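Student: My questions concern the predicted model and sequence given below.
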Amino acid sequence: MSIEQQYRTRAKELLSAGEVKMVIGYGAGTTAERRRPLFITSPDETERLVLDSACIANLSGYLVTEGLLSDEKRVAVFLRPEGIRALNVLAAEAQLDPLQVVIIGFDLPKGELKALQGSSVDDFTALLGALKESTPDVDGRELLEKIEKMSPEERFAFWQEEFSKCIKCYACRQACPMCYCRRCIVDSNQPQWVNTSSHTLGNFEWNIVRAFHLSGRCVECGNCDRACPVNIPLRLINRKMAQEVLDSFNHFAGTSKTQEPVLASFKKDDSETFIL
Ligand code: SF4
Ligand code: SF4
């Protein structure tokens, strides 16, 4: 039996037994290369679930929208390792109770579908620990290496050019599981911290503020740069920030549900004495 069929059966069993009130998975998209989120509440609908190499979106963000988990019932969700990391970050930031989430885990190493064993975040601790030690498989690695070799002036010019394309649609924010604030600082207009019009300075402010906000929290799922309609390589900034946080603080976002947020914690013996 294919993994897709096994997981449809699993989803059906969970819903039929009343163990979960909903299964969040993937359904057919508008083309063979695209999949869309599917929210299944009846065992009869589980045959609509699709699982293949086009299922790349991180679905964890749907768990914290519209009070989905506020009734304390459980929800099952299809997640790749990046999604499981996101679940841990959301739990560590007290945005959800991981006991309410049943993970239907899978991975796509080199585009090949692979089932992951386990159903709660703790079942994946070893897998996420190994991921921390591995060399990340980053789309655009060549470009990242090229940017790292640039002088600060060249790098500034590169990002200025990229950010000048930004149309402030905020699709990157909406697609990101870590951007769950009900009111984002860029939507605040009294005072208005970040200019909302689309011009180079405001675009720079927005994208850099977002990159800092994601430092130590980004799980490198790529939802943001896939959502960007003007193809700004957002994942490269997030990857760079993740590497800096790993090198400086040995922090890899989302390895456990009790992980301390790296930018919201401090040590009394921190070498940066100005903090105290
Ligand atoms: S910033 Fe982008 S890559 Fe990082 S968690 Fe958010 S959507 Fe995923
Ligand atoms: S998705 Fe792209 S264009 Fe839209 S706000 Fe984000 S960076 Fe700008």
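Tutor: Sure thing, it's come through. Ligands and ions are numbered 1, 2, ... in the order given.
Student: how about the residues of this protein near ligand 1?
Tutor: 175-178, 214, 218-224, 235, 238 (C-beta under 6 Å from any ligand atom). Yep, even glycine has a C-beta here, placed from its N, CA and C like the rest.
Student: Now intersect those with the helices, please.
Tutor: 175, 223-224, 235, 238 (DSSP state H).
Student: Make TSV from those and add pLDDT, distance to residue 76 and neighbour count to it.
Tutor: Formatted as TSV, these follow (pLDDT from 0 to 100; distance: C-beta to C-beta, whole Å; neighbours: other C-beta atoms under 10 Å):
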residue	pLDDT	distance to residue 76	neighbour count
175	96	21	19
223	95	20	28
224	95	25	26
235	87	28	22
238	89	28	26
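Student: ok, of those residues, which one's closest to residue 32?
Tutor: Of all those, residue 32 sits closest to residue 223, with 20.5 Å by C-beta to C-beta.
Student: quick one, what contacts the closest one?
Tutor: 57-58, 61, 175-177 (C-beta atoms under 8 Å, 6 or more residues apart in numbering).
Student: can you tell me which two in those residues are farthest apart?
Tutor: Farthest apart among these - using C-beta to C-beta - are 57 and 176, which lie 11.4 Å from each other.
Student: which of these two has more neighbours?
Tutor: Using other C-beta atoms under 10 Å as the criterion, residue 57 and residue 176 rank with residue 176 on top: 25 against 22.
Student: you'd agree the more buried one is up against residue 60?
Tutor: No. Using C-beta atoms under 8 Å, residue 176 makes no contact with residue 60, being 10.2 Å away.
Student: And the strands in this protein?
Tutor: Ranges of strands within the chain are 22-28, 35-40, 75-79, 101-107, 114-115, based on DSSP state E.
Student: Switch those strands over to TSV; also include distance to residue 127.
Tutor: TSV is the format used below for the strands of the chain (distance: least, C-beta to C-beta, whole Å):
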stretch	distance to residue 127
strand 22-28	20
strand 35-40	23
strand 75-79	12
strand 101-107	9
strand 114-115	11
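Student: most tightly surrounded among those strands?
Tutor: Ranked by mean neighbour count, these are led by strand 75-79 with a mean of 23 (mean count of other C-beta atoms under 10 Å).
Student: Quick one: list the elements packing against it.
Tutor: With contacts taken as 3 or more C-beta pairs under 8 Å, 6 or more residues apart in numbering; DSSP states H and E, strand 75-79 sits against helix 3-16, strand 22-28, helix 81-92, strand 101-107.
Student: In the protein, where is pLDDT below threshold?
Tutor: 135-140, 272-276 (pLDDT under 70).
Student: Write out the residues of the stretch 1-150 of the chain neighbouring ligand 2.
Tutor: Taking C-beta under 6 Å from any ligand atom, no part of the stretch 1-150 of the chain reaches ligand 2.
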